[in-house]
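>>> Kindly generate the corresponding structure for this input.
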Amino acid sequence: MGPTESTATEKEPFDIDRVLERIREAVRSFADAAMFALAAQGHTTLFEQLVACILSIRTRDEVSLPTSLALLQRARTPEAMSQLAIPEIEALIRLVTFPEPKARQIHAIAVRTVKEFHGQLPCDARVLQSFKGVGPKCAHLALGIACGHQAISVDIHVHRVTNRWGYVQARTPEQTLAALEARLPRAYWVELNRLLVPFGKHVCTGTRPKCSTCPVLSMCRQVGVMNPR
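Numbering: from 1, shown residues only. Next up is the predicted model:
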């Protein structure tokens with residue numbers, strides 16, 4: 001019997017309202033997730049948020065946020081971005097992972113936005129996901145922040161934490177998204193990513209999570225946790 005199985009019967013019933021209320025307080029002192037931090041600095045358009053999400057893929061927030069700010073300071077609109085040469089974009093984003101393909105993706109999005117949508121991206125997930133390199137995670141998060149759409153964005157932190165809780169049981173982020181859409185109250189759909197990114201980075205970490213100081217330990221089923229701190 002593993003360490004989490006022996007205590008499963010001692011856990012309180014899982015209450016998502018109480019869980020998120022406690023996590024909201026626990027992450028107050030941590031830096032906001034990059035795209036939310038970007039929005040707080042005035043970069044709230046759908047184009048800006050989509051660019052920031054592309055830059056954040058497989059890149060730490062500590063790198064993607066200042067890189068997004070530097071790029072958007074140079075070109076905030078699709079029109080301005082489309083006028084930049086791809087090597088210029090690449091130079092501005094050189095610190096993120098895969099800067100060359102990301103530069104091409106961002107430039108292509110800008111050009112197509114100008115030509116097909118008159119410089120204004122529509123708040124439509126199907127349109128966003130028609131761009132190369134844009135999947136459901138980026139589309140949903142950008143739409144949630146920029147357009148107020150109720151959509152769940154499942155990254156590695158949301159996938160890991162919600163499955164550890166035992167709130168969902170899914171093998172892939174795509175399956176986690178479907179499970180959360182079926183169960184999570186819609187009022188939390190956008191906020192979930194904002195809360196669980198810092199929570200997953202600082203408390204419910206990938207290895208050796210800090211269970212001893214976790215504010216929701218009494219309700220978390222600790223699924224798969226073998227060596228907590």
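>>> Not counting its neighbours along the chain, what's nearest residue 17?
Distances taken as CB to CB, 6 or more residues apart in numbering place residue 185 nearest to residue 17, at 8.0 Å, with adjacent residues excluded. Glycine gets a C-beta too; all of them are placed from N, C-alpha and C.
>>> Could you report the pLDDT at that neighbour?
According to the prediction, residue 185 has pLDDT 97.
>>> now do the one 10 residues further on
You'll see residue 195 listed with a pLDDT of 96.
>>> Could you do residue 8 as well?
Looking at residue 8, its pLDDT reads 49.
>>> before we move on, what about residue 224?
The predicted local confidence for residue 224 is 92.
>>> Okay, now the unreliable bits of this protein?
By pLDDT under 70, the low-scoring segments of the chain are 1-9.
>>> domains in it, as residue ranges please.
Domain assignment for the chain, taken from automatic domain parsing, gives 5-27+152-213, 34-147.
>>> The residue nearest to residue 129 when sequence neighbours are not counted and residue 159, how far apart?
Nearest non-adjacent residue to residue 129, counting by CB to CB, 6+ apart: residue 139, 5.1 Å away. In this view, residue 139 and residue 159 are 17 Å apart by CB to CB, to the nearest Å.
>>> How about residue 61?
Plainly put, residue 61 is 17 Å away from residue 159 if you go by CB to CB.
>>> neighbour count winner among these two?
Remark: of residue 61 and residue 159, residue 159 carries more neighbours, 23 against 20, as counted by other CB atoms under 10 Å.
>>> tell me which element that one falls in.
Here residue 159, judged by DSSP states H and E, is contained in helix 156-165.
>>> Now that helix: buried residues?
For helix 156-165, the neighbour count (16 or more other CB atoms under 10 Å) marks 157-165 as buried.
>>> export those to JSON lines and tack on distance to residue 173?
Below are the buried residues of helix 156-165 laid out as JSON lines (distance: CB to CB, whole Å):
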{"residue": "157", "distance to residue 173": "10"}
{"residue": "158", "distance to residue 173": "8"}
{"residue": "159", "distance to residue 173": "5"}
{"residue": "160", "distance to residue 173": "10"}
{"residue": "161", "distance to residue 173": "12"}
{"residue": "162", "distance to residue 173": "10"}
{"residue": "163", "distance to residue 173": "10"}
{"residue": "164", "distance to residue 173": "14"}
{"residue": "165", "distance to residue 173": "15"}
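>>> still on that earlier bit, isn't the residue nearest to residue 129 up against residue 128?
Yes. Residue 139 lies in contact with residue 128 (CB atoms under 8 Å); the separation is 4.0 Å.
>>> can you list residues touching both of those two?
Common contacts of residue 139 and residue 128 (CB atoms under 8 Å, 6 or more residues apart in numbering): residue 50.
>>> was I right about residue 158 contacting residue 199?
No. With contact defined as CB under 8 Å, residue 158 does not count as touching residue 199 (9.6 Å).
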